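Enquirer: Just a sequence and a predicted model for now, questions to come.
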Amino acid sequence: MSARDQFEALMVQIVDQIGDAEWNDNLTTDLASRFPPGGETFEALRALCENGIETGWMGLQGDDTRKGARVIEPGELPGEPLRNLSVDVVELADIVGPHHAHPGGEICAVMEVTQGARFDGNGEGWVVYPPGSSHWPSAEGGRLRVMFFLPGGKIEYTDRDVSLRSGSSNRA
């Protein structure tokens, strides 16, 4: 089985566990319990993302501070096992990215590349943004990777200037 096939199978496994749960802080806690950093699934995810970036099959585009790609489009896998979720991967290093909103929410798996790196103030693990939330994605303290799910692949970039940033996220 190729690394890409393994990645797709792992995404299906994670989405099966998410099920119909509401995308909120309770789901963050549940994912952290089921798939903790250091655990088998999280470490497989880390290794597959590293492989995909290093060998190029993920197709990340960008520069040293921000690069990313949509790895799986909504509905791309036969039979819809990802429930119309897209899967994206980004690698960030000491940057505040462009402001965007999540019409259907966003579920992120945060993986340190540099020990102690933080995503929106969060360490390694899971972050769930509910539907209607928005943020300026930020990486501080070094380099990290984020794999994230978006319902229908929907993300809305705004023209909000980072100088207006009053906090890293709006989870309401």
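Expert: In hand now; what should we look at?
Enquirer: SS state for the most centrally placed residue in the chain?
Expert: Per C-alpha atoms, centre = their mean, the C-alpha nearest to the average position across the chain is that of Phe148, at 2.3 Å. Under DSSP: H, G, I helix; E, B strand; the rest coil, Phe148 falls in the strand class.
Enquirer: List the beta-bridge partners for it.
Expert: Following DSSP bridges, Phe148 is listed with bridge partners Asp88, Cys108.
Enquirer: I'd assumed His100 was in contact with it.
Expert: No - shown here, Phe148 and His100 do not form a contact pair, counting by C-beta atoms under 8 Å, at 11.3 Å. C-beta: built from backbone N, CA, C; applies to glycine.
Enquirer: can you map out the helices along this structure?
Expert: 3-18, 25-34, 40-55 (DSSP state H).
Enquirer: I'd like those written out as TSV, with mean pLDDT, distance to Gln115 and mean neighbour count added.
Expert: Below are these laid out as TSV (pLDDT from 0 to 100; distance: least, C-beta to C-beta, whole Å; neighbours: other C-beta atoms under 10 Å):
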stretch	mean pLDDT	distance to Gln115	mean neighbour count
helix 3-18	97	24	16
helix 25-34	97	19	15
helix 40-55	97	13	17
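Enquirer: ok, Arg46 - contacts?
Expert: Residues near Arg46 by C-beta atoms under 8 Å, 6 or more residues apart in numbering: Met111, Arg145.
Enquirer: go on, Pro37?
Expert: Pro37 is in contact with Glu43, Met111, Glu124, Gly125, counting by C-beta under 8 Å, 6+ apart.
Enquirer: make it 7 Å
Expert: Glu124, Gly125 (C-beta atoms under 7 Å, 6 or more residues apart in numbering).
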